[in-house]
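**Q** 3D model of this:
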Amino acid sequence: MKLPEIMRTAGYEPGRYQGRLAFALALSLLIHGLILSLQFGAAGFGLPGLAMPWGERRAHSWDLSVRLAERPSAPAAPAAPPETVLAPLEVLPPAAAPPMSCASG
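**A** Predicted coordinates:
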């Protein structure tokens with residue numbers, strides 16, 4: 001294979017980075033395979049799954065229990081409040097405002 005002149009002068013060697021590229025590709029495929037093997041919300045083979053925090057109850061709470069009781073009997077009719085007679089209020093006309101003076105100094 002004949003390389004272009006610019007590649008020959010720059011010191012390009014076709015097989016120089018082939019091992020590094022193969023290692024990087026294999027490592028990338030391994031990491032992506034592990035990420036794809038995570039099971040969301042299900043038990044996998046030891047890898048942590050991604051679960052929503054509200055899906056699992058961690059704190060213990062007591063079950064709700066309700067006890068029904070008989071309704072208390074109605075109290076006797078309340079005594080009528082004493083009638084108080086109020087005198088009608090006297091409405092006064094508004095007071096006249098004092099005159100305002102403007103002092104210029």
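**Q** All the strands of this protein, residue numbers only.
**A** Listed in chain order, the chain contains no strands at all (DSSP state E).
**Q** Where does the prediction get shaky in it?
**A** Applying pLDDT under 70 to the chain flags residues 1, 3, 7-12, 39-58, 103-105.
**Q** Counting residues, which helix of it comes out longest?
**A** helix 18-36 (DSSP state H).
**Q** Check which residues of that one are buried.
**A** Of all the residues in helix 18-36, not one is buried under the rule 16 or more other C-beta atoms under 10 Å. In this view, the C-beta of every residue, glycine as well, is placed from N, C-alpha and C.
**Q** Tabulate the CA atom coordinates of that helix in PDB.
**A** These are the backbone C-alpha positions of helix 18-36, laid out as PDB (Å, rounded to 0.1, in the frame of the first residue of the first chain):
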ATOM      1  CA  GLN A  18      -3.200  -1.200  16.000                       C
ATOM      2  CA  GLY A  19      -2.600  -2.900  19.400                       C
ATOM      3  CA  ARG A  20      -3.700   0.100  21.300                       C
ATOM      4  CA  LEU A  21      -6.800   0.500  19.200                       C
ATOM      5  CA  ALA A  22      -7.800  -3.200  19.600                       C
ATOM      6  CA  PHE A  23      -7.300  -2.900  23.400                       C
ATOM      7  CA  ALA A  24      -9.400   0.300  23.600                       C
ATOM      8  CA  LEU A  25     -12.200  -1.200  21.500                       C
ATOM      9  CA  ALA A  26     -12.300  -4.400  23.600                       C
ATOM     10  CA  LEU A  27     -12.400  -2.400  26.800                       C
ATOM     11  CA  SER A  28     -15.100  -0.200  25.500                       C
ATOM     12  CA  LEU A  29     -17.200  -3.200  24.400                       C
ATOM     13  CA  LEU A  30     -16.700  -4.800  27.800                       C
ATOM     14  CA  ILE A  31     -17.900  -1.700  29.700                       C
ATOM     15  CA  HIS A  32     -20.900  -1.100  27.400                       C
ATOM     16  CA  GLY A  33     -21.800  -4.800  27.700                       C
ATOM     17  CA  LEU A  34     -21.800  -4.500  31.500                       C
ATOM     18  CA  ILE A  35     -23.900  -1.300  31.400                       C
ATOM     19  CA  LEU A  36     -26.400  -3.000  29.100                       C
END
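**Q** That's all I had, so thanks and see you.
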